[in-house]
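[1] Fold the stuff below for me.
(one chain, ligands or ions: 1)
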Amino acid sequence: MRVLAERRLGDFRLSVAFAGPEDGATILFGPSGAGKSATLAVVAGLAQAERALVAIGDRVLTDTATGRCVPPERRRIGIVHQDARLFPHMSVARNLTYGQRRAGGRDRIAAEAVVDVLAIRSLLDRAPRDLSGGERQRVALGRAMLSQPDLLLLDEPLSALDAARRGEVMTFVLALKRRFALPMLYVTHSVEEARTLGDHCVLLDAGQVTAQGTPADLLPAPTRLGEVVAPGVVLIAGQRIAVPGLDAPVGTALRLEK
Ligand SMILES: Nc1ncnc2c1ncn2[C@@H]1O[C@H](COP(=O)(O)OP(=O)(O)OP(=O)(O)O)[C@@H](O)[C@H]1O
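    Numbers count the residues shown, from 1 in each chain. Alright, predicted model coming up:
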């Protein structure tokens, strides 16, 4: 995947160029306002840029030098947002087949395999309103996969979930990545997500790429100061400490404030 995007948004100037693996996840990491969404919009074909090149393998989707610009619906890009945006009037199964219908006969990614990897078989007859937040995101991932994308764009897909669900859904994203080996462009603020899921990492700040490399090299592991090891019990520096009133679920990592 190759991306070059130069665009102006009011006073903000985006000027980024990066390349990522065709069979792994590229992380776009940066603070709020760095230009991550502005970059995704160019990749998805939803925004014009003064200068842009977007290519997946040898498929060129945007090239301002030649005037090429494939419309969004023909880019073969699956998008997963922060909120699942499932169709509320359709069952899970119909949400999934909606993705399939848009695939134009391509069928590299089998529905059965996606349903298995995401463990959503028991949810197929449910309505989106009867799903938990984590289940909804798994279905949104399935719908995006079944549109048979050449690229999966994930725009902070875990950030609306609580810590426990985040870890769970992250495991499913990892499983999809391993099983289907398609390029992913993954936007996050989370060091943990970047390090767990990323093969390549692009750091953005103020509209510019400030560094590119492996997530492990660019993003130091967060220090886990404490972990909930039983209801109301935190393990800190090897000691089990009871914390009355603590209702965080077991497994939650805690950062302690002074
Ligand atoms: N239509 C617009 N007009 C003017 N400025 C804009 C417009 N859209 C975005 N911006 C500015 O462009 C900058 C980059 O925004 P962008 O949404 O890409 O950041 P981001 O990295 O995705 O942030 P976040 O993590 O908060 O989603 C911000 O300073 C934003 O205020």
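
[2] Run through the bridge partners of residue 154.
    When bridges are called by DSSP bridges, residue 154 pairs up with residue 80, residue 186.

[3] those helices in the protein, which residues are they?
    Shown for the chain, the helices assigned by DSSP state H span residues 36-44, 92-101, 111-118, 133-146, 163-180, 191-197, 215-218.

[4] is it possible to export these to JSON lines including distance to residue 227, mean pLDDT and mean neighbour count?
    Glycine gets a C-beta too; all of them are placed from N, C-alpha and C. Below are the helices of the chain laid out as JSON lines (distance: least, C-beta to C-beta, whole Å; pLDDT from 0 to 100; neighbours: other C-beta atoms under 10 Å):
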{"stretch": "helix 36-44", "distance to residue 227": "30", "mean pLDDT": "95", "mean neighbour count": "21"}
{"stretch": "helix 92-101", "distance to residue 227": "33", "mean pLDDT": "89", "mean neighbour count": "19"}
{"stretch": "helix 111-118", "distance to residue 227": "27", "mean pLDDT": "95", "mean neighbour count": "17"}
{"stretch": "helix 133-146", "distance to residue 227": "20", "mean pLDDT": "96", "mean neighbour count": "24"}
{"stretch": "helix 163-180", "distance to residue 227": "11", "mean pLDDT": "92", "mean neighbour count": "18"}
{"stretch": "helix 191-197", "distance to residue 227": "13", "mean pLDDT": "93", "mean neighbour count": "20"}
{"stretch": "helix 215-218", "distance to residue 227": "21", "mean pLDDT": "93", "mean neighbour count": "16"}
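
[5] Figure out which of those is closest to residue 125.
    Of all the helices of the chain, it is helix 92-101 that lies closest to residue 125, at 6.7 Å by C-beta to C-beta.

[6] what does that closest one contact?
    Here helix 92-101 makes contact (C-beta atoms under 8 Å, 6 or more residues apart in numbering) with 78, 86-87, 90, 111, 114-115, 120, 123-128, 131, 139, 142-148.

[7] what's the answer for stretch 214-233, then?
    27, 29, 191-192, 194-195, 198-201, 203, 211-212, 234-236, 240-256.

[8] Could I have the ChimeraX command that selects the buried members from those residues?
    Selection of the buried residues among the contacts of stretch 214-233 in ChimeraX, burial being defined by 16 or more other C-beta atoms under 10 Å:
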select :27,29,191,192,194,195,198,199,200,201,203,212,234,248,252,254
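
[9] restrict the contacts of stretch 214-233 to those near the ligand?
    When contact is defined as C-beta under 6 Å from any ligand atom, these do not meet the ligand at all.

[10] Fine, thanks again, bye for now.
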